[in-house]
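**Q** Got a sequence here, can you build the structure:
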Amino acid sequence: MKKLYLASVLLAMGSAQAAPQTVVDCGRLLDVKSGTWREKVSIVIENGSVKSVGPMAGGAGHVDLSGYSCLPGFIDAHVHLSHETRPRVAALHDEISANPADSAYRSVKYAERTLLAGFTTVRDVGGEDGLNVSLKRAIAEGDVPGPRMFTAGTIISTLGGHGDPTNDYSHRLSRALGQPGPADGVISGPDEARQSVRARYKEGADLIKVTATGGVLSEETSGENAQFTEDELRAVVATAKDYGFRVAAHAHGAEGIKRALRAGVTSIEHGTYIDDEAIELFKKTGAWYVPTISAGRYVADKAKLPGYYSPLVQPKAAAIGPLIQATAGRAYKAGVKIAFGTDAGVFPHGENAKEFAYLVEAGLTPIDAIRAGTVNAAALLNQSGRLGTVEPGYAADIVAVSGDPLRDIAQLQHVKFVMKEGVVYKKP
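**A** Numbers count the residues shown, from 1 in each chain. Sure, this is the predicted structure:
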């Protein structure tokens with residue numbers, strides 16, 4: 001609550017606009033590309049971008065981080081800012097009683113919490129009622145504090161698949177509401193797949209998200225069965241390319257993963273049952289893997305609590321959740337490109353940085369875990385010339401911690417300072 005209040009005070013004081021020039025003095029700055037520290041540096045910032053990085057000059061009015069370790073702002077490439085996990089009864093109550101405006105107000109605090117945890121950029125991979133698109137605009141316009149957002153808008157799924165909002169409705173309710181279609185993100189066949197991509201363009205999305213397999217938290221029996229034909233996936237990817245979209249594919253099961261990779265998706269999310277053939281396809285196509293270990297661990301733990309999930313969801317959470325971390329380690333050792341993503345919303349927003357430690361536990365080196373959440377995630381977003389590192393010409397996104405995260409990766413869970421585009425949102 002104190003942190004949320006601090007950010008609100010800073011905004012009220014006018015800090016939502018970057019000063020013409022700011023100088024940040026860092027005790028050391030991590031060069032994420034080389035994996036080395038630069039000692040005692042000053043970062044000169046103009047109009048929200050880094051102008052220069054050089055030896056520490058010191059001076060009145062500088063932001064003094066001389067006792068801290070500075071890094072680029074973190075990037076989480078898999079979040080859902082329009083909602084957050086709740087036990088089954090509470091979630092069902094929301095489904096019946098909550099209005100989109102209720103979710104919209106909640107999303108504001110989720111966004112601020114994420115920013116104050118050091119995540120200056122996120123890729124929001126799906127929400128309902130246009131909330132994530134509207135939140136993106138509100139943040140960009142300075143109306144609310146939050147990370148820079150790239151959003152998929154409405155998820156694209158198949159009829160009855162993971163993402164069909166009418167799954168498990170009664171026959172009477174389904175008849176009353178009618179069958180969802182391409183505009184709702186639910187398709188059957190390549191023609192409707194193309195229509196749904198165009199509907200995402202119309203609603204203001206930045207990328208496309210498809211659910212290539214079953215999922216854990218949806219009300220359907222399988223968490224891993226392939227749910228798109230390869231023709232449908234190819235129609236999505238080809239149409240997305242026409243509109244300048246990249247495509248993220250939620251996929252747990254091996255067959256769905258391989259169909260999505262062969263179709264040309266940009267990234268696979270979760271990837272629980274990646275097999276050797278899939279690993280070769282990753283390397284052949286250059287697709288990214290976004291593991292979301294945090295979500296896997298969280299749902300596995302909650303599956304042990306009676307009644308937290310429905311009878312359909314509980315066994316899937318118990319079976320699939322614990323496997324993702326080992327899969328991430330195997331993929332990394334095989335040379336698959338890994339970008340940082342957590343699936344925040346499946347677990348509480350603001351706890352995103354735990355993923356760094358989980359990646360290290362899986363076998364990544366600390367610097368490669370940090371790269372996953374900076375330069376790699378920036379590349380996934382097609383933002384390599386703007387985000388992911390602190391150097392001239394890049395957005396002035398800077399975080400600071402007390403210790404050395406290359407020696408203790410858990411330091412990243414205790415961010416002391418946050419700047420986004422030259423605006424300070426959190427101070428030591």
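**Q** For the helix or strand hosting residue 196, which outside residues touch it?
**A** According to DSSP states H and E, residue 196 maps onto helix 190-203. Helix 190-203 is touched from outside by 130, 133, 152-154, 156, 181-183, 185-187, 208, 228, 231-236, 239-240, 243, 245, with contacts defined as Cβ atoms under 8 Å, 6 or more residues apart in numbering. Every C-beta, even on glycine, is put in place using the N, C-alpha and C of the backbone.
**Q** try 7 Å this time
**A** 130, 133, 153-154, 156, 182-183, 185, 187, 208, 231-232, 235-236, 239-240, 243 (Cβ atoms under 7 Å, 6 or more residues apart in numbering).
**Q** how about the lengthiest helix in the chain: buried residues?
**A** Ranked by residue count under DSSP state H, the longest helix found in the chain is helix 100-116. Neighbour counts over helix 100-116 (16 or more other Cβ atoms under 10 Å) mark 103-104, 106-116 as buried.
**Q** repeat for stretch 163-170
**A** Buried, per 16+ other Cβ under 10 Å, within stretch 163-170: 163, 164, 165, 166, 167.
**Q** Between the residues you listed, which sits nearest residue 414?
**A** residue 163 (35.3 Å; Cβ to Cβ).
**Q** tell me the secondary structure for the closest residue to the closest one other than its chain neighbours?
**A** Spatial nearest neighbour of residue 163, chain neighbours left out: residue 157 (2.9 Å); criterion: Cβ to Cβ, 6 or more residues apart in numbering. Residue 157 carries the three-state label strand when classified by DSSP: H, G, I helix; E, B strand; the rest coil.
**Q** Confirm for me that residue 157 is in contact with residue 165.
**A** No - distance between residue 157 and residue 165: 8.9 Å, which falls outside the contact criterion (Cβ atoms under 7 Å).
**Q** now for the helix or strand harbouring residue 249, which elements pack on it?
**A** Using DSSP H and E, residue 249 sits within strand 247-251. Helices and strands touching strand 247-251, as assessed by 3 or more Cβ pairs under 7 Å, 6 or more residues apart in numbering; DSSP states H and E, comprise strand 208-211, helix 230-242, helix 254-263, strand 267-270.
**Q** the inter-axis angle of that strand versus helix 254-263?
**A** Orientation of strand 247-251 against helix 254-263 (axes from the mean of the first three to the mean of the last three Cα atoms, to 10 degrees) gives an angle of 170 degrees.
**Q** what does strand 247-251 contact?
**A** Residues contacting strand 247-251 (Cβ under 7 Å, 6+ apart): 125, 152, 162, 207-213, 215, 236-237, 240, 257, 260, 265-271.
**Q** Starting from that strand, tell me which strands it pairs with and how they run.
**A** strand 208-211 (parallel), strand 267-270 (parallel) (DSSP bridges).
**Q** Let's have the helices and strands packed on strand 247-251 in a markdown table, adding mean pLDDT and distance to residue 412.
**A** Converted to a markdown table, the helices and strands packed on strand 247-251 look like this (pLDDT from 0 to 100; distance: least, Cβ to Cβ, whole Å):
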| stretch | mean pLDDT | distance to residue 412 |
| --- | --- | --- |
| strand 208-211 | 98 | 26 |
| helix 230-242 | 98 | 33 |
| helix 254-263 | 98 | 29 |
| strand 267-270 | 98 | 22 |
